[in-house]
Each structure stands twice: as C-alpha cells, then as structure tokens.
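K.L.:
with the sequence up front, the predicted model follows.
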Protein chains: 2
Amino acid sequence: MTIQGTDKGDRVQSVVKTLDILEALWQSEGAGVTQLTERTGLPKSTVHAHLTTLRSKGYVVQDGDEYRLGVRFLSFGEHVKHAEPLYAASETPIEDLADWTGERILCSTEQNGLGTVIRACDGERSVSSSISVGTPTYLHCSAAGKAMLAHFDRSKVDRIVDTWGLPAFTDETITDWATLEAELEAVREDGVAYNQGEYLPGISAVGAPVLDNDGDVHGALTVVGPQHRLENEWEHEELHNQLLSAANTIEVNLLFSE
Amino acid sequence: MTIQGTDKGDRVQSVVKTLDILEALWQSEGAGVTQLTERTGLPKSTVHAHLTTLRSKGYVVQDGDEYRLGVRFLSFGEHVKHAEPLYAASETPIEDLADWTGERILCSTEQNGLGTVIRACDGERSVSSSISVGTPTYLHCSAAGKAMLAHFDRSKVDRIVDTWGLPAFTDETITDWATLEAELEAVREDGVAYNQGEYLPGISAVGAPVLDNDGDVHGALTVVGPQHRLENEWEHEELHNQLLSAANTIEVNLLFSE
DNA sequence: GCAAGCGTTCGACAGAACAGAACAATTATG
DNA sequence: CATAATTGTTCTGTTCTGTCGAACGCTTGC
C-alpha cells in the first residue's frame, strides 16, 4: 500500500516523477520499464529517461531487463536512522521489553503526520507482521500513533487529520473525529494507547509515548501481538508498568544524549 | 567524502540536481538553504524549489531553518537491504565470527563498481571505524573489494578501474594497475585478500569472497581491526580458516535461499 | 535602530523535459 | 521456421517548466 501525500508544493515536476518511479520500484522489488509506465501512468520514454539518470548516479541498478533500487539508498536510510536520537536511546530498553513480553516491540517516530518504525525487536513468540523498520503508518489506527497524537498540540492534530484523513483499514478503524478525540483523551488519562485490530485484523498493540521534559513528543514504544493474547494479558497492570518503565528509560537516555 | 560518478547519461537534469541536494544533505546532518547553495553550486531559488518538492513528498523535513533527510528513506534502505540475499544469509555467520575474533566484521556487496557494507557486527574489542552499513567504498583499497575484484571477469575489472580509477587515500594505497593485478593474482591463490592501512591509516582488514556454484561473486566477508593487532594475528592460519569457513557457511545459506 | 543574514517569493526567458512514433532485440505463437 | 507481439531503447519537434537573479519579509546580532 502506498500512502498518498497532498499534492501541494510540487514545484519541480520532474522530481515528483522520479519519486513516483522510485516508489513504484520500491513496491515491486524490481520492475521493467513497461511495468513502471503502467504503475506510474508516465510514458515509456519518460520513465526510461529517469531510470537512465538514476542509474548513472547509482540510485538504481539494472539487472537484465529489470530495474531495482540501488544500495545507495542504504546509506541514506542508515543516516536517517542514526540521526534520530531515539534510535540509540531505544536499543537496550526495546530488547529488554522484547525479552520480558516475548512479543514484538516497535519504536516509532512521527514525521510529516505519519508514523515510521525506527527500530524493531522480536521476542520469543513474536507475530510476523508486515510492519517493520521503515514502514510508514497512519497515526489514527496504530497504538504508537494514538500515543503520539494524544500529546501533540491540538492544532497539530487538526493539521494531520486534515492532511491524511481517517481512512478505514478494518471494521474497527476509527473513522470519525469525535471518537478519535474521546480516545485521545482516554490515552492521556491512562498513559497508554491501544490498537485493537484497527489496522490489521487480528493484530493488537499497546503503546506508550516517549516525551521530553517539556512534554514534547519524541516518539512511541509499542508492544505488538495477536489480538486474543494481548487483550487478555493487558488487563494485568504488569504489562502497562513494564511498557511505561521502558518508555521512561528511553526518555532518560535521551536526556543524556543531547 | 563523496564519491563522484561518471556523468554520462544525465538525461533529466532536474533529477541530477535533486540528487546532488540530497547527497549534500546526507553529508551534513541537516543544512540550511544557503549552506546547500554553497555545497551544490546551485542558485538559492533552485535549491529551495527542489526542497519544497521533496518536502511535500516526505523525503525531506524542515526543522526551523534546517532541512534534513526524511524517514521515508528508511523504507528504501530497508527494502534494499532485505532484497539482497546476502543480508539474510550472513546473519549468523557474521555474529559467530565477531564473537570468535572479537573484531568488527563486515559483509559487503558490489554494485556499480563500488562496494557497500550490507551488514556489520562488532566483537568485544572492535575498533570504531567510520565504515558502517551503507558506506560506499572503492574496491581497490579494501579487503572486501580486492576479494571481489579477484573473482570478477577481467573485462568487469577493467571497466571498474576505468570508471573509478585508483585514487590514493594513504601512502599504502595501490595506485597502479600492475601492482593491483599482481595482488589480485595473489588473492586468487591465497583465497583471502588483505588491506594494510590502504584506506584508513592504521586500520587493516582480511577479506574472503562469497561465491556461488558458478564462481560468480555475491559479496565479501571482512575482519577489520587495528593494523598492529591484525597483522600479528593473521599469521596464524586459524584466522584464515575461521574467515573462510564463515564465508563458506554464507555460501551454503545462499544456496538454500534461492 | 541599523545591518547582515536567513528562508522565501516572483516573473520572464531559455532550454530542457515530454510524448509519441519508430527502432532493435528478444520471446511467444502459429 | 516464420510471424507476431513483447520488450527496452533511441530520436525529434514542441511546449511547458525549470531556472535564475532580484526583491521580499523576517529574525539575529551589533
């Protein structure tokens, strides 16, 4: 699934086209020119011209009749990861929490109104979800997203909902503002946010925000697991405490890293 | 340090400009418009137009008066990593080798005539080198590079040397073709390649190629460490054996993954 | 309060990106 | 085995757009 952005500020249209091609390439682990013309709606020669340029710079490689993303993007990706303070600060806490819960733990951050997983760690009985490092997600239908939204300024929340809307992914997805607003208020009271199969059917999550001293949001920490298992266990306060404690450890780590 | 590519096939010049801006941004963990203007040689308004476009697509974020690479690149980076068979195949062998040697172990691949580190693992007494996952490197001055070059077709080696040349980084760097050719022959005989401070002063490495059944190169595995320590120890055949054994394990893993 | 720096906007011109058709090279198909 | 239908690639004129320098607010430091 691709997440479509608002199309404001497309000053340089060739760049938009190149990005569309790269995104199509990203979704398809290698594709030919014709395949990319269908996916992007651009004429063959245009796609070809862009691919040639990208290839000459090493951002795309050609394997016979297939083009793939080049390893050059690896350096960008690693750079972004390490530039994010959360990445270093979350290493130990996330591992400990994965050991303790046995579930999959994610550490996410917000950018441009979307969430992105920065670091992931599997526990013994982890579900293999499609959400892994680098995956962009909507905020209104994820535990991490709701944990962050709950601590944003009201104006920022408005802007995000305005930009991205509240699209439904399952029957459980919150699609109206009133329900979301009530839930965010609950998150602020409980300290943790839930996701009960609102994005992927059968997959639930509990999330806690990672804040700094001023109350600004750095990101969120999430425990992901099968709905039946997690919803039975999160009744126990112990899961909350461990989650909040891990989030707090990250917060402390962040203090010393800056 | 930026690695400059050959400028053939710049069909879409706006794309080249955008990539230049992204690379400048990559080297500087956040920069302002003026700073990017100086670094790229492009006029301020052009840089701004490109940044606006990149921002609207989420590939760049604005923090006050600074622009940084966006987390969107994380998804590309992870995609590239996981698309590379070596990534999964090298996980266990690289960890075991790091434990055994106590040194830093790298697993690299070649693309476009340059090497790129796909996976890294630290041992107990690892040196903290500037080479980590995603770093592009020249092949003629790295152990991994020489291990790979030694098993490429002659025509491919010629093309690579033609494209990238043999630039010097230290006094030890091989800068002429005759010396390189002789060394590649030695690599084929020994099975392993050395780097004795040829890229970073004081840093040495031993590398072994990862081949498939047809003798085609998949990548290389490298032990990196301080020159004095590594050069004393690599006299012992034990290091060779462990390195070659780990490389071989990866080769076997690759057989089963395809 | 002035000046220097920043990011941002504007507008006119040159030139570059675009689209469509034609090309070569390969694979399917009869 | 020949033909047809793909593929990726090349070519060329036209038009639209990317470009650039100057001017604009705005903040920061003197």
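P.N.:
That came through fine. Owing to the predicted nature of the structure, the values given are computational and were not obtained by experimental measurement.
K.L.:
pLDDT-wise, which helix or strand of chain A ranks last?
P.N.:
Among the helical and strand segments of chain A, the one scoring lowest on mean pLDDT, DSSP states H and E is helix A:227-233, with a mean of 83.
K.L.:
isn't residue A:32 right next to residue A:62, touching?
P.N.:
No - with contact defined as Cβ atoms under 8 Å, residue A:32 does not count as touching residue A:62 (10.1 Å). No exception for glycine: its C-beta is placed from N, CA and C like everyone else's.
K.L.:
how about the residues of chain A by DNA strand D?
P.N.:
A:11-14, A:32-35, A:44-45, A:48-49, A:51-52, A:62, A:65-66 (Cβ under 7 Å from any atom of the strand).
K.L.:
buried subset of those as a ChimeraX selection?
P.N.:
Here is the ChimeraX command that selects only those of the residues of chain A next to DNA strand D that count as buried (16 or more other Cβ atoms under 10 Å in any protein chain shown):
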select /A:11,12,14,35,48,49,51,52
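K.L.:
check the residues of chain A next to DNA strand D one by one and keep those near DNA strand C.
P.N.:
Okay, of those touching DNA strand C (Cβ under 7 Å from any atom of the strand), that's A:13-14, A:44-45, A:49.
K.L.:
remind me which residues of the stretch 151-258 of chain A are low pLDDT?
P.N.:
For the stretch 151-258 of chain A, the stretches flagged by pLDDT under 70 are A:234-236, A:258.
K.L.:
what kind of secondary structure is the residue of chain A found nearest DNA strand C in?
P.N.:
Nearest to DNA strand C, among the residues of chain A, is residue A:45, at 3.0 Å (Cβ to the nearest atom of the strand). Under DSSP: H, G, I helix; E, B strand; the rest coil, residue A:45 falls in the helix class.
K.L.:
state the distance from it to residue B:12.
P.N.:
Separation of residue A:45 from residue B:12 (Cβ to Cβ, to the nearest Å): 11 Å.
K.L.:
what of residue A:76?
P.N.:
Distance from residue A:76 to residue B:12, by Cβ to Cβ: 19 Å.
K.L.:
packing partners of the least confident helix or strand of chain A?
P.N.:
In terms of contacts (3 or more Cβ pairs under 8 Å, 6 or more residues apart in numbering or on different chains; DSSP states H and E), helix A:227-233 is packed against strand A:203-211.
K.L.:
now do the strand it packs on: distance to the chain's middle.
P.N.:
12 Å (Cα atoms, centre = their mean, to the nearest Å).
K.L.:
partners of it, with directions?
P.N.:
Here strand A:203-211 has these sheet partners by DSSP bridges: strand A:193-196 (antiparallel), strand A:217-226 (antiparallel).
K.L.:
got JSON lines for the ones you listed, with distance to residue A:178 and mean neighbour count too?
P.N.:
Formatted as JSON lines, the strands paired with strand A:203-211 follow (distance: least, Cβ to Cβ, whole Å; neighbours: other Cβ atoms under 10 Å in any protein chain shown):
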{"stretch": "strand A:193-196", "distance to residue A:178": "17", "mean neighbour count": "22"}
{"stretch": "strand A:217-226", "distance to residue A:178": "23", "mean neighbour count": "26"}
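K.L.:
minimum distance to residue A:56: which of these has it?
P.N.:
strand A:217-226 (37.0 Å; Cβ to Cβ).
K.L.:
tabulate the CA atom coordinates of that closest one in CSV.
P.N.:
Written as CSV, here are the backbone C-alpha positions of strand A:217-226 (Å, rounded to 0.1, in the frame of the first residue of the first chain):
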residue,chain,number,x,y,z
VAL,A,217,6.8,14.1,21.7
HIS,A,218,9.9,12.2,20.6
GLY,A,219,8.1,9.0,19.6
ALA,A,220,6.4,6.0,20.9
LEU,A,221,7.1,2.5,22.1
THR,A,222,4.7,-0.3,21.2
VAL,A,223,4.1,-4.0,22.1
VAL,A,224,2.5,-5.8,19.1
GLY,A,225,0.9,-9.2,19.2
PRO,A,226,-2.1,-11.4,18.3
